[in-house]
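Q: quick check, what structure comes out for this input:
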Amino acid sequence: MKQEDTRQKILDKALELFAAKGYDSVSVGEIAQAVGIKAPSLYNHFPGKQAIFDAIVEATAAQYEADTDRIDIHVQDAGQDIPVFTEITEDALFEKVRQIFSYSLHNETISRFRRMMTIEQFRSPELAALYSRRYVGRVLDYHAGIFRALIAAGEICPEDPDTLAMLYVAPVVTLLGVCDRQPEREAECLERLRKHVGLFFRMVHGKTPESGGDDGTAR
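A: Numbering: from 1, shown residues only. A predicted model of the protein is given here:
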């Protein structure tokens, strides 16, 4: 096995074990066994378990950015995506949310990393801060930036963008958590997600069911 292949397999197997059992419950020997190498060989690639964890955090962030770039989601740079959300339709907005929701749920690496961090946020203040920054802070900041630009352009109601971000993001994160715990509820959660996005879209655009067509939906 090539050096780089072995390194990647160490990261993959470590993430799988950390997501299932938690960081403290997994030993270097257990990771090595899962990879199919002996513990001393693992140290040729990483100096210890913490280095493996740190490499997982870095690699997963890079993968997320590369993958979401394909659907015009750049959480680190809201300004890059403002043209995508300008004059977007309700259906197009839901499709974008559905794509990122499904990606977050079904990409094995991203899903395992989220489960790992859900456990590890209680292990140390540093990891709690990382969890808050990655899954709360940067997502809220990103959407607040989008809403701020749309408000300035007169596209949506002039409400506080940070509060709008909280209203928009919180149900999505809640539904993702439900699917993590109960995957059999995915279809139900996607329908709830569709209704949430539709309601939010109509709310920020100042539309009500009465302002829509004959079927009571906004156009």
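
Q: please enumerate the helices of the protein.
A: For the chain, applying DSSP state H gives helices covering 3-21, 28-35, 39-42, 49-69, 78-85, 90-106, 108-120, 125-132, 138-152, 161-181, 186-204.

Q: and those as CSV, adding mean neighbour count?
A: All C-beta atoms are positioned from the backbone trio N, CA, C, and that covers glycine. What follows is these, written out as CSV (neighbours: other CB atoms under 10 Å):
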stretch, mean neighbour count
helix 3-21, 18
helix 28-35, 17
helix 39-42, 14
helix 49-69, 15
helix 78-85, 15
helix 90-106, 16
helix 108-120, 18
helix 125-132, 14
helix 138-152, 19
helix 161-181, 17
helix 186-204, 17
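
Q: now those helices in a markdown table, with mean pLDDT?
A: Listed next are the helices of the chain as a markdown table, based on pLDDT from 0 to 100:
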| stretch | mean pLDDT |
| --- | --- |
| helix 3-21 | 91 |
| helix 28-35 | 95 |
| helix 39-42 | 92 |
| helix 49-69 | 90 |
| helix 78-85 | 88 |
| helix 90-106 | 94 |
| helix 108-120 | 90 |
| helix 125-132 | 88 |
| helix 138-152 | 95 |
| helix 161-181 | 95 |
| helix 186-204 | 97 |
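
Q: C-alpha coordinates for stretch 91-110, CSV please?
A: In CSV, the C-alpha atoms belonging to stretch 91-110 read as follows (Å, rounded to 0.1, in the frame of the first residue of the first chain):
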residue,chain,number,x,y,z
ASP,A,91,-38.6,26.2,-5.8
ALA,A,92,-35.0,26.9,-6.7
LEU,A,93,-34.2,27.9,-3.1
PHE,A,94,-35.7,24.6,-1.8
GLU,A,95,-33.7,22.6,-4.3
LYS,A,96,-30.5,24.3,-3.1
VAL,A,97,-31.4,23.6,0.5
ARG,A,98,-32.3,20.0,-0.3
GLN,A,99,-29.0,19.4,-2.0
ILE,A,100,-26.9,20.6,0.9
PHE,A,101,-29.2,18.8,3.3
SER,A,102,-28.8,15.5,1.4
TYR,A,103,-25.1,16.0,1.0
SER,A,104,-24.6,16.6,4.7
LEU,A,105,-26.7,13.6,5.5
HIS,A,106,-25.4,11.0,3.0
ASN,A,107,-21.8,11.9,2.4
GLU,A,108,-20.1,9.3,4.6
THR,A,109,-17.2,11.4,5.7
ILE,A,110,-19.2,14.5,6.4
